[in-house]
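A.B. asks: Pasting the sequence and the predicted coordinates here, then a few questions.
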Protein chains: 2
Amino acid sequence: MAAAVSLPRVFKGRSVLITGGMGFIGANLARTLVKFGARVTVVDAMIPEYGGNTRNLAGVAAKVKVHRIDVRDHAKVARLVRGQDFLFNLAGQTSHMDSMTDPETDLEINCRAQLALLETCRKNNPGVRIVFASTRQIYGKPDYLPVDELHPVRPVDVNGINKAAGEAFHLLYARVHGIRATALRLTNTIGPRMRVKDARQTFVGVWVRRLIEGEPIEVWGGEQQRDFTYVDDAVEAFLLAAAREEAVGEVFNLGGPPPVTLQALAELMVEVNEGGAFVVRAFPAERKKIDIGDYFADDRKIARVLGWKPRTDLRAALTKTLAYYRKELPHYL
Amino acid sequence: MAAAVSLPRVFKGRSVLITGGMGFIGANLARTLVKFGARVTVVDAMIPEYGGNTRNLAGVAAKVKVHRIDVRDHAKVARLVRGQDFLFNLAGQTSHMDSMTDPETDLEINCRAQLALLETCRKNNPGVRIVFASTRQIYGKPDYLPVDELHPVRPVDVNGINKAAGEAFHLLYARVHGIRATALRLTNTIGPRMRVKDARQTFVGVWVRRLIEGEPIEVWGGEQQRDFTYVDDAVEAFLLAAAREEAVGEVFNLGGPPPVTLQALAELMVEVNEGGAFVVRAFPAERKKIDIGDYFADDRKIARVLGWKPRTDLRAALTKTLAYYRKELPHYL
């Protein structure tokens, strides 16, 4: 095993670009990097249906260069890529349903813009260290559980197809062109700064909002098993992946504390919230067509190679998340 | 097993659109469909580096409506899709090397235009029967041989990534939107009307040309095993897939006679040609990075479900191909 790295030392004074950096995970990453003394530049299109929110950088905004740029605008992104030491590539369209009703936008962002960004790096900054936010969605309906990185990639919706292509481009550019890219396949990430306006980013956001607003949570189905990563743990995974050479050209699942059913999650949330209710509804037909059933990750590879481990259990994650939105909810509506 | 279908009866008087219809397989398909009495419309961009060649429709041109349209021009393609009974979707960028030097063009044609075409069908002709020309390239370096349809999809070049996405869109639209699409994963297809100017479509084209021109064939490596489908057999597979409801939403490998090493193929070609020579060269480094090693298909699924079987052995395929180009070569240079 390689010696432990001091993450603050790795990033101090280094130039870091974060696409989707006003969004949920991107902004949490930016905040940590500012704390480490990195020079942080953020790109975000601030599309209303996506995750970007100026509130996400509250308190650190003066220390972050923010560019309101869409990753589909390749020429503008290209100018920002030059001179960066690290590129955390998190910009994406995340809604499965939106990908089905507007598949071409999903393709432009999750597939085409990714290839263009990699071409830009190859031409203008071939030494940049890239970590790409991929998703468990590319596995589709699991053949077996927990799902490891060798599980076939067989997406069940347009979002999954485009994310699979976007990830494949990163790994191909690592293998063929020597671009130092790593892909992390995220599962449900939860925590402060997630979108709570609707379920476009994660259904947990809507649940948090409804609990705080005193409305019952709607659980669709309820028996599906899922795993959840707390955002601070996800941020640490991105930083470790960027810091460690062993990660170049590799793909890693992120997991979290042991999986739970959606109904058990709802029960725990009501308990942690010290009040509230949930109703269980039948799964809507249009969602069923693109549903993946049970999913939880085998994350032993990232534990073994990078020493990553989730530090936050589900109860603590929900407690911190609810505490954040009890104060901050108005900024997220 | 379903009763055998009479292909001429299925297609007689029906409206058929073929994208890439001036190309190698597309034109052979168009010729057969004309013979069956179908109303054939062809779309081809006639890009010089691709497979389109007016000579490919010699003798049937008067019976085929030809539109010189690029599949990236979605609006124009959309107008042609209306009212068609069948859509054979063969337009594509086929060169692996070109996909690495100009990845964005490959994405536009093999990925983005495919999604746009499916959206067009969904909106304007949801009942059309589609057969999509996919490729064994999406499997990447095989885990096992022969490769069946359950083999993981793990492409090793930009072309493979985009073709995998293009295929996945077809199968997704079948499953979720009820679009009646089938995908055929082609291996090396050979025969009259293939591109022989260079190796952008198949290396066998260049070999045929060099033999006829009295130049030695260049064999790179030589030990790699490959399988070959004769174009008439490939055409039959497309027609069967379109004719049979069992094929909707399915993906099928095409194979052929037993696989051979590239060196054995070169030897057989020299023998069939009754003259010529080949030289074996080391595999170029830039190609090695995206090479898939040995490949041959398990094509038992299409045999079982559609009753397809290759009828033409390799010797006969090469004999017919060489005979064609001995007469026709000037039209293909």
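C.D. replies: Structure's in. What do you need?

A.B. asks: so what's residue A:70 up against?
C.D. replies: Going by C-beta atoms under 8 Å, 6 or more residues apart in numbering or on different chains, residue A:70 touches A:45, A:47. Glycine gets a C-beta too; all of them are placed from N, C-alpha and C.

A.B. asks: Revised request: answer the last question for residue A:69.
C.D. replies: For residue A:69, the contacting residues are A:43-45, A:76-77, A:80, by C-beta under 8 Å, 6+ apart.

A.B. asks: correct me, but residue A:204 touches residue A:190?
C.D. replies: Yes - using C-beta atoms under 8 Å, residue A:204 is in contact with residue A:190, at 4.8 Å.

A.B. asks: list the residues that contact both of the two?
C.D. replies: By C-beta under 8 Å, 6+ apart, the residues touching both residue A:204 and residue A:190 are A:228, A:321.

A.B. asks: immediately after the strand or helix carrying residue A:237, which helix or strand?
C.D. replies: Element membership of residue A:237 [criterion: DSSP states H and E] is helix A:231-243. Counting by DSSP H and E, the next helix or strand C-terminal to helix A:231-243 is strand A:251-253.

A.B. asks: what helices or strands is the next helix or strand after that next one leaning on?
C.D. replies: Going down the chain from strand A:251-253, the next helix or strand is strand A:260-261, by DSSP H and E. Where contact means 3 or more C-beta pairs under 8 Å, 6 or more residues apart in numbering or on different chains; DSSP states H and E, strand A:260-261 is packed against strand A:225-226.

A.B. asks: Would you give the sheet partners of the strand it packs on, along with the direction of each?
C.D. replies: strand A:260-261 (antiparallel) (DSSP bridges).

A.B. asks: isn't there a helix covering residue A:40?
C.D. replies: No - counting by DSSP: H, G, I helix; E, B strand; the rest coil, residue A:40 falls outside a helix, being strand.

A.B. asks: pLDDT score for it?
C.D. replies: pLDDT recorded at residue A:40 is 98.

A.B. asks: relative to helix B:158-177, how tilted is the longest helix seen in chain A?
C.D. replies: If you go by DSSP state H, chain A has its longest helix at helix A:158-177. Orientation of helix A:158-177 against helix B:158-177 (axes from the mean of the first three to the mean of the last three C-alpha atoms, to 10 degrees) gives an angle of 170 degrees.

A.B. asks: near chain B at all, helix A:158-177?
C.D. replies: Yes - between helix A:158-177 and chain B, judged by C-beta under 8 Å from any C-beta of the partner chain, the touching residues are A:158, A:161-162, A:164-165, A:168-169, A:172, A:175-176.

A.B. asks: For the residues you listed, give me CSV that also has pLDDT.
C.D. replies: Listed next are the residues of helix A:158-177 next to chain B as CSV, based on pLDDT from 0 to 100:
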residue, pLDDT
A:158, 97
A:161, 98
A:162, 98
A:164, 98
A:165, 98
A:168, 98
A:169, 98
A:172, 97
A:175, 95
A:176, 95
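
A.B. asks: need those residues in JSON lines with neighbour count, can you?
C.D. replies: As requested, these are arranged in JSON lines below (neighbours: other C-beta atoms under 10 Å in any protein chain shown):
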{"residue": "A:158", "neighbour count": "30"}
{"residue": "A:161", "neighbour count": "32"}
{"residue": "A:162", "neighbour count": "31"}
{"residue": "A:164", "neighbour count": "26"}
{"residue": "A:165", "neighbour count": "27"}
{"residue": "A:168", "neighbour count": "30"}
{"residue": "A:169", "neighbour count": "27"}
{"residue": "A:172", "neighbour count": "25"}
{"residue": "A:175", "neighbour count": "16"}
{"residue": "A:176", "neighbour count": "16"}
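
A.B. asks: Nearest to residue A:258 among those?
C.D. replies: Nearest to residue A:258 among those, counting by C-beta to C-beta, is residue A:164 at 26.9 Å.

A.B. asks: Now do the closest one against residue A:99, distance only.
C.D. replies: 12 Å (C-beta to C-beta, to the nearest Å).

A.B. asks: which residues touch the least confident helix or strand in chain A by mean pLDDT?
C.D. replies: Lowest on mean pLDDT, DSSP states H and E among the helices and strands of chain A sits helix A:285-288, with a mean of 78. Contacts to helix A:285-288, defined as C-beta under 8 Å, 6+ apart, come from residues A:97, A:220.

A.B. asks: got a list of what the residue of chain A most remote from its centre touches?
C.D. replies: The outermost residue of chain A, judged against the average C-alpha position, is residue A:275 (29.0 Å), by C-alpha atoms, centre = their mean. Contacts were defined as C-beta under 8 Å, 6+ apart; by that measure residue A:275 touches residue A:211.

A.B. asks: Just give the nearest non-adjacent residue to residue A:246, would you?
C.D. replies: Distances taken as C-beta to C-beta, 6 or more residues apart in numbering or on different chains put residue A:305 closest to residue A:246, at 5.4 Å, once the chain neighbours are dropped.

A.B. asks: The residue farthest from the centre of chain A in helix, strand or coil?
C.D. replies: Under three-state DSSP, residue A:275 comes out as coil.
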